[in-house]
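J.: Any chance you could fold what I've pasted below:
(one chain, ligands or ions: 1)
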Amino acid sequence: MLAAPSKNKLHLFPPGTKKKKSDMLGGPAVECDRRTGRLEGRSTIVTGAASGMGAASAKLFAAEGAKVAVVDVNAAGAEAVAAEIRAAGGVAIAVSEAVAAAEAAHGPCVCLFNHAGGLSVKPFLDLTLAEWDALFAKNVTSMFLMTRAVLPGMLKAGGGAIVCTSSISAVFATPGEVLYDASKGACHMFARAVAVEFRDRGVRCNTVCPGFVDTPHGRKEIRELTALGVPASEQDIAEAQGRLGQPDDIAKVALFLLSDDSSFVTGSHVFADGGFSAV
Ligand SMILES: NC(=O)c1ccc[n+]([C@@H]2O[C@H](COP(=O)([O-])OP(=O)(O)OC[C@H]3O[C@@H](n4cnc5c(N)ncnc54)[C@H](O)[C@@H]3O)[C@@H](O)[C@H]2O)c1
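T.: Down below sits the predicted model:
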């Protein structure tokens, strides 16, 4: 996910003008404490919601009034997130038979956050077909299955919004990430094509494209890139995107894209990356 060790591309600041950390873009993530009911009463499914950005999103959506179905292969983690939401006064269940159970409990899903996904950091020539197929299943086929299962109900309900988690990796390649980058490129175009096919039936579909974010996935990626000799130190990341993203940075973008605030936004790729893609 981090760009190749380019001399120019990674630098936010010209060489020799390194800023102190405190001067760097954005500073620490700020908690969003304004709740405006932007998803009030909406049946909402979040995949990959037991951890990281998915968990932060499920909690933020619930705080905005959504009835959240927390979907994750980590059933205990999903139940813990749902319980936390309920304890805060929100509405949430953890589901394994995802769409049917969510619809039975909350009504037709009108907001879907296709966030679940995984990582591969490995030299291209060491990749096996089984690894290739497994990551495409996790990152791409999962979006196809969830979206296909949700759309009939969403259309009957008069429309809705879908957000798919893509990545800076969909458009910025990194050594050792051919498989991951290709899978995120597919997510990128999946969302755009769904947006076009369903625009006139009231369904919007967009991607959020995070830079490096402080989650188990993000930390693993940094560790594994570093082990491969790809620059991914704290300083490399600060130069590329100001600071490490926080899960809430992404949750707030996903909320915007699911809510009516983005009513004229569809087929878009929204980069939440501290400027990584702008450098
Ligand atoms: N963290 C980053 O730096 C970063 C940057 C860009 C994109 N992303 C994307 O974010 C997603 C990972 O989220 P995160 O960073 O919050 O990581 P995370 O590791 O904190 O959470 C990922 C969650 O997804 C779940 N999951 C994995 N496969 C699943 C499946 N098949 N079905 C249901 N749940 C599944 C895991 O159990 C876990 O709870 C991926 O789509 C990844 O490509 C992450």
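J.: can you pull the contacts of Arg201?
T.: Contact analysis of Arg201 by C-beta atoms under 8 Å, 6 or more residues apart in numbering lists 155, 159. All C-beta spots, glycine's among them, are computed from the backbone N, C-alpha and C.
J.: what packs against the helix or strand harbouring Ile93?
T.: Element membership of Ile93 [criterion: DSSP states H and E] is strand 91-95. Here strand 91-95 touches helix 52-63, strand 67-71, helix 75-87, helix 98-106, going by 3 or more C-beta pairs under 8 Å, 6 or more residues apart in numbering; DSSP states H and E.
J.: which stretch among the ones you listed comes nearest Leu135?
T.: Proximity to Leu135 (C-beta to C-beta) singles out helix 52-63 among those, at 17.4 Å.
J.: So what's the residue count around Gly37?
T.: Gly37 is flanked by 11 other residues according to other C-beta atoms under 10 Å.
J.: hang on, isn't it packed against Ala62?
T.: No. Gly37 lies out of contact with Ala62 (C-beta atoms under 8 Å); the separation is 11.4 Å.
J.: thinking again about what came up before, sheet partners, orientation included, of the strand holding Ile93?
T.: The strands beside strand 91-95 in its sheet (DSSP bridges) come out as strand 67-71 (parallel).
J.: Just the buried residues of the partner strand, please?
T.: Within strand 67-71, the residues that qualify as buried are 67-71, counting by 16 or more other C-beta atoms under 10 Å.
J.: if we can go back for a sec, so for the strand holding Ile93, mean pLDDT?
T.: Taken as a whole, strand 91-95 carries a mean pLDDT of 86.
J.: So that strand, near the ligand or not?
T.: No. Using C-beta under 6 Å from any ligand atom, strand 91-95 never reaches the ligand; the gap is at least 10.7 Å.
J.: can you check stretch 97-110 too?
T.: No. Stretch 97-110 is not in contact with the ligand by C-beta under 6 Å from any ligand atom; minimum separation 8.4 Å.
J.: Next, the buried residues of that stretch.
T.: 98-99, 101-103, 106, 108-110.
J.: And for stretch 131-151?
T.: Burial within stretch 131-151, assessed by neighbour count using 16+ other C-beta under 10 Å, is assigned to 135, 138-140, 142-143, 146-147, 149-151.
J.: among the buried residues of stretch 97-110, which two are most distant?
T.: Greatest spacing in those, by C-beta to C-beta: Ala101 and Val110 (16.1 Å).
J.: which residues touch the worst-scoring helix or strand of the chain on mean pLDDT?
T.: Least confident helix or strand of the chain, by mean pLDDT, DSSP states H and E, is strand 91-95 with a mean of 86. If you take C-beta under 8 Å, 6+ apart as the criterion, strand 91-95 is touched by 58, 62, 66-72, 75, 78-79, 81-82, 85-86, 101-102, 105-106.
J.: let's see 10 Å
T.: For strand 91-95, contacts defined as C-beta atoms under 10 Å, 6 or more residues apart in numbering pick out 41, 43-46, 49-50, 58-59, 61-62, 65-72, 74-86, 101-106.
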